[in-house]
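A.B. asks: how would this look folded up:
(chains A and B)
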Amino acid sequence: MKRLHLLSLQQTCDKDFIHRVEKESGQQVSKCYQCGNCSASCNYTYVYDYPVNQIMRLIQLGQKDVVLQARSVWLCANCQACSTRCPCNIDVARVMESLRIISVEEGMVSKKKIKLFYDEFLSSVKKHGRVFETGLIAAYNIKALKPFTDADLGARVLKKGKLELHPHNIKGRKDVAEIFNRFEAYSKNRDID
Amino acid sequence: MRIGVFVCRCGTNIANTVDTEAVANKALEYPDVTHATDYMYTCSEPGQQEIQQAIKEHALQGIVVAACSPRMHEATFRRAVEKAGLNRYMFEQANIREHCSWISSDIEANTRKAMDLVRMSVEKLRFNQPLFSSYVPINKRVLVIGGGVAGIQAALDCAEGGLDVVMVERESTIGGKMAKLDKTFPTIDCSSCILGPKMVDVAQNDNIHLYAYSEIDSVSGYIGNFKVGIRKKATYVDWDACTGCGLCTEKCPAKKCYDRFNEGLGTTTAINIPFPQAIPKKACIDADYCRYFTKGKCKVCQKLCPTSAIRFEMEDEIVTEEVGAIVVATGYDLFDDSVYGEYGGGHYPDVISAMQYERLLSAAGPTGGHIRRPSDGKAPKDIVWLSCIGSRDASVGRPYCSGICCMYIAKQATMTRDHLPDCNCYVSYMDIRAPGKNYDEFVRRAQEEYGVQYFRGRVGKIYPKGDRLIVQGADTLLGIQIEIEADLVVLATGIEPSDGARGLAEKLRISYDDYGFYMESHPKLRPVETNTAGVYLSGVCQGPKDIPASVGQGSAAAAKVQALFSRDTIETDPQVANVKEIACIGCGKCIDVCPFGAIQWKTLRDGSQKAQVLETVCQGCGLCNATCPPKAIQLQHCTDDQILAEVNALCG
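C.D. replies: Next comes the predicted model:
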C-alpha cells in the first residue's frame, strides 16, 4: 500500500463511510482523541501499513479508500488489546472488524488470503458444527495455491494425535448451519447505508 | 553587648553535615558572646522558650540564631526575642542550612563555613541598633484603573464593603473586552446578559465614582496616601446634559468612521455611543473623523441635540483624587495577526481575527448576529480556525500560552454549528489546553456532538482560489499534508498586555515582565500584590487568564484592599533608608536612582536642600545607599558599618 502524502479534506471526506463504520461497530469514532494507546498496545504494528490510531484518524477524516485498502485491517488479530486499553471506551477491535465486513461488502479486501482463511474457517463450522482443523488446513492450502505449506508440521502433529483425519461432528450441527443460513438471508436483505 | 548564639540542628537537616556543637563552642570565642548552645529544633515552641529563658538568665542584649534561611523563620525568632523584652531588630539569623548543610556532605568544610557565617552574624549584630516602626493614617478610598470585568468586580466588592471607589476607564464606556463577546465558555451564557447587570451596578452604586474616557496622568504618594492626577479626555459632549438619546448618532454625516467596538467590521459615525448597553450611555465625538474638526464646518449634532450638550470647545481636564490603595485592572489587547504574512490577516478580507468573528456572532454586531463573511456577505460553508496566532511562538516574541484561545475556538465553532448546521468547522491546533472546570468536556462536546473537525498541526499558508481560500496545513497524527477549501478563516489571536501598560507601570512604579504583564509580588503566594505597597493587580494585566479567573482576582484584590483599610493606620517597616542631614551634600543622586520615588527634597531653615526619605514609600532596596557619594544615606539594619563588619569577620 502506498502511503498518503497529501489529503484534500473536503474532496476526499466520505461522511457516509464514517456513519457506516459507526453504525456497523456501534462505536462513535469522534470520541477518539488520538492518545495512541491502541497503537502502543497493539502487537501487530510491526506489520501494519497504518498503525491502528492512524486508522481511527483516517476514519474520522472519512478516508474510505485509504482505510479499506489498508493491510492493517486484515492483519489485525482481534486480540482486543486496543479495546481493553482505550481511555475513551471505544471498542477499537470492533471498529477493525467492521472495516473487514465493509471491505468485503465493497469488494475492497486488501489481503485476499486472510479473507479466504476466514471463509474456510466459517464454512468448516457451518458444515461440522465446530472446526475440523485438518480439513480446514487442506482446503485453505489448496485454495490459497500453497499446498505444501506446513506439510512437515502436519505429519508430526498427526503422529502425536493432535489432529484427526475424520471430522467430529457435533450433535446440533444442523442447528448451527441454520444460524449461518439465517445470517446469509439477513445479509442479503439488509439495508446497507 | 551581651550576645547569645543558638545553633539549630534542624533534626538531621543541619546536624548530619555540620558539627553544631563545635559551631556553638567556637561561637563562645567571638567578641561579646556570653552564651552559646545547640538545639534540636530552635524554631519549635520549646526552642523559642529556651532563647527567651537565656535572654533572662544571661541578660542577653542580642541574639544570633544559626539555622535555616531568614525567609523561613526570621519573623518567628523576631517575635520570640520581642516577647522576651528585646527590640526585634537586635536579632540576626545565620543561614547554615540552605547556604551550608544542604550544599555539601563534607562535614569538616561545612562546619568551618557555619562557624564563619555565625561569626559574620555576630559581628553585624554588634552594630545593630533598636529600630522602631512609625504609624501613618490611611485614606480609605480606593482607585480602580480599568473598567473591564476584573476592575468592575474589584470596584463592586470594595463598594459593597462601604469603601469609596474611584474608577477610571480609558474608553467612553466600561465593560472592557467582555462587553464585545457574544457568549462565554463553557456554559454558552450570553456575555452582555451576565456583565450588563454588573455594569449597571457600577453606575448606580453611590460609593463608586466613575471617570469614563479618562486616563491616569500622574501618581504620587505612597500606601495609604496616594495622590492621582486623572486626565478627563475631551468628549466634546457635556455628559451632565447628554441623555444618551442617540439622535446625534443617527444624523451625523460622517458615517465612515472606523468602528472600534466592532473591531473594524462595518463603520460608525463620528459622534457615537459604542453599544446600546454602554455605561455611561453618553455620546462622544471622535475628532479624527468629525467633519467640524477635520473640515471646519458641520455642527449637525449641535443643531439637533435636544439638550444642547455639544461642546466643540471642550479640552482635556486634569482632576486630582486622593486614595489609599490602587487596584490595577488594565486588561489586554489582542495580538496583531498581520505579523503572519502567510495567513494574509488584514490582506484577505475573509481572514479575520477571533474577536471580529465574535462581533459577527453577536446580535448587536454589524451583521445582527448572522454569520456573513466580510468580502461578499455570503453565509460561509466551510470555516477554518487557526489556533496559537501570537501564542507559543518565540519567533514573534510571544512564547507564552494565552490560555483562552482553545476554549473560545471551541465556543465559536459550537456556536457556528448551532447557527449554520450545514457549515463545516475545522480547527487547526497544536495542543488543546482546557484545564478549567468543565472545560475539556466542552471541547470534547464540540468534537463529539457538534462534529467540529479538529486536526493536530499548524497551517503553513493560505492562498485564494476563486472566491475561496485554500488552507494548507498538516495532520501530524497521520504525518501528511492536508488542504481545506474555506470561505472564512478565523485567526485565534493571543493575548498581549494593554497598549500603554508599560507607561502606566512606570507611573505606578510597579514592575512588568518581558512582555509588559505586571509582576506580582510572588507568583504563588502573593498573586495580587505588587512590590509597591498599596498597589494591587486584577485580571489579565498580570498575565493571561479567562473571565472566571479575572473575576476571582478582582475579588481577591478587593479583599486585600479591605484588609488594608480595616486598620486606621499602617505600621511602617523601619528597615528603610535614612538621611544623615549633616553629611548630605544635596547632590540629588539618590532621588534620581530611587525606583520607588521614595526620596524627595527638603528645605532646611537655612535654605539648604537635603534629601528626605518617605519611610512609607521606601522599599529598602539600598540603591541610594550605594549611590550616595558622602555615604550620608544609610539603609537601616544594613548600614555600611554592618556590612563591613561582616566582610571583616570573613576576610580579616
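A.B. asks: Just the residues contacting the lowest-mean-pLDDT helix or strand in chain A, thanks.
C.D. replies: Sorting the helices and strands of chain A by mean pLDDT, DSSP states H and E puts helix A:151-159 at the bottom, at a mean of 85. The contact list for helix A:151-159 (C-beta atoms under 8 Å, 6 or more residues apart in numbering or on different chains) reads A:T134, A:I137, A:L163, A:L165. Yep, even glycine has a C-beta here, placed from its N, CA and C like the rest.
A.B. asks: Can you tell me the SS state at B:C638?
C.D. replies: Assigned with DSSP: H, G, I helix; E, B strand; the rest coil, B:C638 falls in the coil class.
A.B. asks: Name the SS class of A:S39, please.
C.D. replies: helix.
A.B. asks: Output stretch B:68-75 as PDB, restricted to C-alpha atoms.
C.D. replies: Output of stretch B:68-75 as PDB, limited to C-alpha atoms (Å, rounded to 0.1, in the frame of the first residue of the first chain):
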ATOM      1  CA  CYS B  68      17.500  27.900  58.100                       C
ATOM      2  CA  SER B  69      17.000  30.800  55.700                       C
ATOM      3  CA  PRO B  70      15.700  34.000  57.300                       C
ATOM      4  CA  ARG B  71      12.900  33.800  54.700                       C
ATOM      5  CA  MET B  72      11.700  30.800  56.600                       C
ATOM      6  CA  HIS B  73      11.800  31.800  60.200                       C
ATOM      7  CA  GLU B  74      13.100  35.300  60.700                       C
ATOM      8  CA  ALA B  75       9.700  36.600  61.700                       C
END
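A.B. asks: buried sites along that stretch?
C.D. replies: For stretch B:68-75, the neighbour count (16 or more other C-beta atoms under 10 Å in any protein chain shown) marks B:C68, B:P70, B:H73, B:E74 as buried.
A.B. asks: Give me the subset of the residues you listed lying in helices.
C.D. replies: Residues of the buried residues of stretch B:68-75 located in helices (DSSP state H): B:P70, B:H73, B:E74.
A.B. asks: which one among these gets closest to chain A?
C.D. replies: B:H73 (45.9 Å; C-beta to the nearest C-beta).
A.B. asks: Name the nearest residue to the closest one, sequence neighbours excluded.
C.D. replies: B:C43 (5.0 Å; C-beta to C-beta, 6 or more residues apart in numbering or on different chains).
A.B. asks: contacting residues for the one you found?
C.D. replies: Here B:C43 is in contact with B:C8, B:A67, B:C68, B:H73, B:T76, B:F77 (C-beta under 8 Å, 6+ apart).
A.B. asks: Distance-wise, check it relative to B:F6.
C.D. replies: 10 Å (C-beta to C-beta, to the nearest Å).
A.B. asks: can you list residues touching both of the two?
C.D. replies: In contact with both B:C43 and B:F6: B:A67, using C-beta under 8 Å, 6+ apart.
A.B. asks: Mind checking which of the contacts of B:C43 are in strands?
C.D. replies: In strands, defined here by DSSP state E, the members of those are B:C8, B:A67.
A.B. asks: Would you point out the most distant pair within the contacts of B:C43?
C.D. replies: B:C8 and B:T76 (11.5 Å; C-beta to C-beta).
A.B. asks: Pull the number of nearby residues for B:M519.
C.D. replies: 16 (other C-beta atoms under 10 Å in any protein chain shown).
A.B. asks: for B:A364, phi and psi?
C.D. replies: Recorded main-chain torsions at B:A364 are phi -90, psi 10, according to degrees, to the nearest 10.
A.B. asks: contacting residues around it?
C.D. replies: Going by C-beta under 8 Å, 6+ apart, B:A364 touches B:S192, B:F275, B:P276.
A.B. asks: The second one and B:S191, how far apart?
C.D. replies: What that stands for is B:F275. Counting by C-beta to C-beta, the gap from B:F275 to B:S191 is 12 Å.
A.B. asks: which bits of chain B sit near chain A?
C.D. replies: Contacts of chain B with chain A, taken as C-beta under 8 Å from any C-beta of the partner chain, map to B:382, B:424, B:426, B:444, B:447-448, B:451, B:453, B:455-456, B:475, B:477-478, B:480-485.
A.B. asks: which residue packs closest to B:A577, ignoring adjacent ones?
C.D. replies: B:V613 (4.7 Å).
A.B. asks: Does the one you found touch B:I633 like I think?
C.D. replies: Yes. B:V613 is within contact range of B:I633, at 7.4 Å (criterion: C-beta atoms under 8 Å).
A.B. asks: residues from chain A in reach of chain B?
C.D. replies: A:4-10, A:28, A:30-31, A:33-34, A:53-54, A:57-58, A:60-61.
A.B. asks: when you check those against the helices, which ones overlap?
C.D. replies: Short answer: these in helices (DSSP H) are A:L9, A:Q10, A:N53, A:Q54, A:R57, A:L58, A:Q60.
A.B. asks: So B:D116 is in contact with B:C651, correct?
C.D. replies: No. Using C-beta under 8 Å, B:D116 is not in contact with B:C651, being 10.1 Å away.
A.B. asks: anything in contact with each of these two?
C.D. replies: Joint contacts of B:D116 and B:C651 (C-beta under 8 Å, 6+ apart) do not exist.
A.B. asks: ok, these two, which is more surrounded?
C.D. replies: Taking other C-beta under 10 Å, B:D116 and B:C651 do not tie; B:D116 has more neighbours (18 against 6).
A.B. asks: Spell out the secondary structure type for the more buried one.
C.D. replies: Following three-state DSSP, we place B:D116 in the helix state.
A.B. asks: what sits against it?
C.D. replies: With C-beta under 8 Å, 6+ apart, B:D116 has these contacts: B:A649, B:L650.
A.B. asks: try it again with 7 Å
C.D. replies: Residues counted as contacts of B:D116 (C-beta atoms under 7 Å, 6 or more residues apart in numbering or on different chains) are B:L650.
A.B. asks: which residue sits closest to the residue most central in space within chain B, ignoring its sequence neighbours?
C.D. replies: With distances taken as C-alpha atoms, centre = their mean, chain B has B:Q542 as the residue nearest its mean C-alpha position (3.1 Å). Of all residues not flanking B:Q542 in the chain, B:Y518 sits nearest, at 5.2 Å (C-beta to C-beta, 6+ apart).
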